[in-house]
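Trainee: Predicted structure and sequence below. I'll ask about it afterward.
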Amino acid sequence: MNDLRSIPAYLMRGGTSKGLVFHKKDLPNDRNLLSEYLLKIMGSPDIRQINGIGGGTSVTSKVCIISKSLEKNVDIDYFFAQVEVDRKHVDYAPTCGNMLSALGPFAIEESLVETHNDITQVNVKSINTDALITLNVPTPDGKLKYSGDFKIDGVPGTGSQILMNFNNLEGKITGNLFPTGNIVDTFDGVKVTCFDLATSMIICNAKDFNIIGNESSKELNRNKQLFDKIEKIRLLAAKKMGMGDVKGKVLPKVSLLSKSANKNSIISRYFTPYTCHETHAVTGTCCVASSCFIPGTVGFRLLNKRESLNFNSEIIKIEHPMGSIECIIVLNSNFKNNLASKKDLVKSCGIYRTSRILMKGQVYF
C-alpha cells in the first residue's frame, strides 16, 4: 500500500509512436481532471519527463483512451490525447494514426473483439475527428501475432503487417476539404494549399522557406528563422481556415514538400508544429498524399508522377527524414466531376504499420 493513485494501462508502440493505452472506464470524465492525471502520468511539463512515463518527445508522449463502441458496425471508440512535453497542456484536438495501429491488438488483448482465422478486422471510430478506420490485424489460427518480417522506416527490427484503411476523411477538423475555399492561397508572399483530410494541414513548397527540403530533422530543428516563418504563415492560414487563433495549439500541422527523384514519390518534412517530425504522421501522410492527386495544389505540382496516374487506386510514397511511408489512395468514382465543388474526392487511404505491446500493468502517479 502507498499514497499514490494507480490505473491499469498498456504501454504500446504503434507505428513510429509510443504511448499509453487506457480503458475509458478507468479514467475520469471531467476534462480538467483527466488532463491533470495525464500530465502527472507522463511527467509533464519537463523536457525529460523524468518523473513520468513519457519519453521526452511528442511522439512518445501520447495517450489512447478506448471503450467498446455502442454504434452499429463499430467495435471500439478511440479518444486521443497529446500530452505536451514542456508545457502544462493536453491537446485533445488532433488524433494519432500511428498509435491507431496498436489499438487493434489492444482490443484483441482485452477481449473487446473476437479473433478470426488469419485476419481479424477491428472497426474503429476516432472520437476526435469522427473518422472511421478498419484495422486488418494478423491473427493466424485465432492468435494475435506481433512478430513478422514487415519493416517500417523509423522503427528498428520488423513486425507483423497491419493494414489501416481510413474512410470518411474529408473535412474532419474544419468541415471542408479546402477550408479556405481555395486550392491555393497566399500568405506572407508564400503560396500554400490549406487541406483538411484526416487532419488539418498547410502544405507548402520547401524552397519558399529557403531550404532544399531533404534536410535532416535535427538540422531543421536548429533553424530558428525557419520556425518563425512557418509559425507566421500557420497563424495567418489558420484564421482563414476558420480555426481562429491557434497559437499554442498543434493544429493545423505544416508540411514542406520538395520534388523526389523517384516516381510517384514526394519529399516531405512534417512539422508537429514546433519540431520537425523524424518520420511522418499517419494522418499527415493521408493528407499530404491525397492532396497530390488534386490538380492545382502545391503537392500536385511537386509530385514526381508516373506517365498516367491510376485514379482508382494509386500508391504515393512520402519520403521523410528516416526513410519513407506509402499511402494507398482510392478516389471517389465521380472524382473528376467533383473537382469543381472541391469535395467528395477521396474515398479512402490505406497505410501499413506494425505495433507491439511493451508492458502491461499499473501506472502510478
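Mentor: Nice, thanks for sending it over.

Trainee: Hmm, Asn98 and Gly14 touching each other?
Mentor: Yes: with contact defined as CB atoms under 8 Å, Gly14 counts as touching Asn98 (5.1 Å). From N, CA and C alone the C-beta is placed, and that goes for glycine too.

Trainee: Now for those two: what residues contact both?
Mentor: Taking CB atoms under 8 Å, 6 or more residues apart in numbering as the contact rule, Gly14 and Asn98 both touch Arg353.

Trainee: Excluding residues flanking it in the chain, which one is nearest Asn304?
Mentor: Leaving aside its chain neighbours, Asn304 sits nearest to Ser260 (5.0 Å; criterion: CB to CB, 6 or more residues apart in numbering).

Trainee: show me where the stretch 251-365 of the chain has strands.
Mentor: 253-259, 265-271, 314-320, 323-331, 346-353, 355-364 (DSSP state E, counting those that start in this stretch).

Trainee: Which one, of those strands, ends up nearest to Thr297?
Mentor: Among these, strand 253-259 comes nearest to Thr297, with 9.9 Å by CB to CB.

Trainee: For that closest one, name the packing helices and strands.
Mentor: strand 199-205, helix 224-240, strand 265-271, helix 282-291, helix 298-302 (3 or more CB pairs under 8 Å, 6 or more residues apart in numbering; DSSP states H and E).

Trainee: related to what we said a few turns ago, what is the neighbour count of the residue nearest to Asn304?
Mentor: Per other CB atoms under 10 Å, the neighbour tally for Ser260 reads 20.

Trainee: residues in contact with it?
Mentor: Ser260 touches Ile266, Ile267, Asn304, Lys317, Glu319, counting by CB under 8 Å, 6+ apart.

Trainee: repeat that for 10 Å
Mentor: For Ser260, the contact set (CB atoms under 10 Å, 6 or more residues apart in numbering) comprises Gly213, Asn214, Ile266, Ile267, Ser268, Leu302, Leu303, Asn304, Lys317, Ile318, Glu319, Ser324.

Trainee: so the second one touches Lys207, yeah?
Mentor: No: with contact defined as CB atoms under 10 Å, Asn214 does not count as touching Lys207 (11.4 Å).

Trainee: Can you work out which residues contact both of the two?
Mentor: In contact with both Asn214 and Lys207: Ser258, Lys259, using CB under 10 Å, 6+ apart.

Trainee: tell me which element Gly55 is part of?
Mentor: Under DSSP states H and E, no helix or strand contains Gly55.

Trainee: Now do it against Ala198, distance only.
Mentor: Between Gly55 and Ala198 the computed distance is 24 Å (CB to CB, to the nearest Å).

Trainee: Just send the contacts of Ser260 back as a markdown table, with pLDDT and distance to Gly43 too.
Mentor: Shown next, in a markdown table, are these (pLDDT from 0 to 100; distance: CB to CB, whole Å):
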| residue | pLDDT | distance to Gly43 |
| --- | --- | --- |
| Gly213 | 97 | 34 |
| Asn214 | 97 | 34 |
| Ile266 | 98 | 36 |
| Ile267 | 98 | 34 |
| Ser268 | 98 | 30 |
| Leu302 | 97 | 40 |
| Leu303 | 95 | 41 |
| Asn304 | 91 | 43 |
| Lys317 | 97 | 36 |
| Ile318 | 98 | 32 |
| Glu319 | 98 | 33 |
| Ser324 | 97 | 32 |
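
Trainee: where do the helices sit along the stretch 1-150 of the chain?
Mentor: 31-42, 97-100, 103-109 (DSSP state H, counting those that start in this stretch).

Trainee: Burial-wise, tell me which of the ones you listed comes out on top.
Mentor: helix 97-100 (a mean of 28; mean count of other CB atoms under 10 Å).
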